[in-house]
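In: got a predicted structure here, sequence first:
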Amino acid sequence: MDNPSYTLHCGNAPLLISMPHVGTELPADLAGRLAPVAAELDDTDWHLPRLYDFAVELGASILVPRYSRYVIDLNRPPDNTNLYPGQDTTGLCPVDTFAKVPLYRAGEEPDAAEIDRRVERYWRPYHQALQDELARLKAEHGVALLWEAHLIRSEVPRFFEGRLPDFNLGSADGASCGAGSGERLLAVAQGHPAYSAVLNGRFKGGYITRAYGAPADGVHAIQLELSLATYMEEEAPYAYDATRAARVQPVLRELLGSLLQWAAQPA
């Protein structure tokens, strides 16, 4: 299913994979206002559709946006509330990169009215599609699983000290998914000694995980922040490394398979 702001592949399993930060398009009307760094799209979740291409075989639905997170961050609340109070984060309509480089030419940052327009044009359609697909899956299967697929550089000094684990699973401290499901996934990841893993560490799940995970209603959400270093080069031009990807894809497949198995167990 295509839309001006997203593409949705509908599968036949109770699993929806959302990739809110893979978009790379920048609207033409922004071109003259953006600083040159914006065109580099440094903070994109590069190559995730390619990395997760096996998920179609599992029957997963896959939702991807067309536009860059520099236009609007689909994993932020529409009121721009900080999901990690007291910690530095980028906003609903970012004005700088993760490296704190300004995205706009001086005086060209979006005002409140423009942000509201972007919410209506880009944010709401994506979230409506997400809600509708979760509702479809729940109606057909009695349960819906939401996998929030993200990636992150192994080191981002603005947001955390030191090096991140390879697999950063988040379940909003257990609030976004059924009891034991997050721990089950952590055990799967930790069963692969080539990679490090953590549950609810620096990343506990963004807005989508927290807003749509409702285990009491049969909707279970998990976020994975995967380190770029597991499958690609961490610096521009951000090349996909097929050798590294081939090593990490079976782990991702096992994680998704384990989640589907967990959901299929009698309550």
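Out: Done, it's in. Residues are numbered from 1 along each chain as shown.

In: how about the strands of the stretch 151-267 of the chain, start to end?
Out: Counting by DSSP state E, counting those that start in this stretch, residue ranges of the strands within the stretch 151-267 of the chain are 167-170, 197-199, 219-227.

In: how distant is the second one from the center of its chain?
Out: Spelled out, that is strand 197-199. When C-alpha coordinates are averaged (CA atoms, centre = their mean, to the nearest Å), strand 197-199 and its chain have centres 16 Å apart.

In: averaged pLDDT, it. What do you get?
Out: Mean pLDDT, computed over strand 197-199, is 98.

In: any buried residues in it, and which?
Out: Of the residues in strand 197-199, 197-199 count as buried by neighbour count, 16 or more other CB atoms under 10 Å. For the C-beta atoms, the positions are set from N, CA and C on the backbone; glycine is no exception.

In: likewise for stretch 167-180?
Out: Within stretch 167-180, the residues that count as buried by 16+ other CB under 10 Å are 167-172, 174, 176-178.

In: would you turn those residues into JSON lines with pLDDT?
Out: Shown next, in JSON lines, are the buried residues of stretch 167-180 (pLDDT from 0 to 100):
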{"residue": "167", "pLDDT": "98"}
{"residue": "168", "pLDDT": "97"}
{"residue": "169", "pLDDT": "98"}
{"residue": "170", "pLDDT": "97"}
{"residue": "171", "pLDDT": "97"}
{"residue": "172", "pLDDT": "97"}
{"residue": "174", "pLDDT": "97"}
{"residue": "176", "pLDDT": "98"}
{"residue": "177", "pLDDT": "97"}
{"residue": "178", "pLDDT": "97"}
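
In: so residue 38 belongs to a helix, correct?
Out: Yes: assigned with DSSP: H, G, I helix; E, B strand; the rest coil, residue 38 falls within a helix.

In: nearest residue to it in space, please, no chain neighbours.
Out: With sequence-adjacent residues excluded and distances taken as CB to CB, 6 or more residues apart in numbering, residue 38 is closest to residue 103, at 4.9 Å.

In: and for residue 224?
Out: Spatial nearest neighbour of residue 224, excluding adjacent residues (CB to CB, 6+ apart): residue 169 at 5.7 Å.

In: the one you found pairs with what?
Out: For residue 169, the beta-bridge partners under DSSP bridges are residue 199, residue 224.

In: distance of it from residue 181?
Out: The gap separating residue 169 from residue 181 is 10 Å, by CB to CB, to the nearest Å.

In: which neighbours do these two have in common?
Out: residue 222 (CB atoms under 8 Å, 6 or more residues apart in numbering).

In: which residue ranges of this structure form helices?
Out: Taking DSSP state H as the test, the helices found in the chain are 48-51, 112-118, 124-141, 181-190, 207-212, 242-264.

In: just those helices: most buried one?
Out: helix 207-212 (a mean of 21; mean count of other CB atoms under 10 Å).

In: surely the residue nearest to residue 38 touches residue 94?
Out: Yes: if you go by CB atoms under 8 Å, residue 103 and residue 94 touch, sitting 6.2 Å apart.

In: shared neighbours, those two?
Out: residue 70.

In: may I have the phi/psi pair for residue 92?
Out: Torsion angles at residue 92 (phi, psi; degrees, to the nearest 10) stand at phi -60, psi -50.

In: and it, how close does it get to residue 76?
Out: Here residue 92 is placed at a distance of 4 Å from residue 76 (CB to CB).

In: again, but for residue 135
Out: Distance from residue 135 to residue 76, counting by CB to CB: 22 Å.

In: cool, residue 51 as well?
Out: Residue 51 sits 23 Å away from residue 76, taking CB to CB as the criterion.

In: and residue 233, by the same measure?
Out: 27 Å.

In: who has more neighbours, these two?
Out: residue 76 (23 against 14; other CB atoms under 10 Å).

In: and the more buried one, what pLDDT?
Out: We have a pLDDT of 96 for residue 76.

In: any idea how far it lies from residue 138?
Out: 25 Å.

In: what's the answer for residue 249, then?
Out: 28 Å.

In: swap in residue 200?
Out: 25 Å.

In: dump the buried residues of strand 197-199 into JSON lines; add distance to residue 221 as well.
Out: Compiled in JSON lines, the buried residues of strand 197-199 are given as follows (distance: CB to CB, whole Å):
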{"residue": "197", "distance to residue 221": "18"}
{"residue": "198", "distance to residue 221": "18"}
{"residue": "199", "distance to residue 221": "14"}
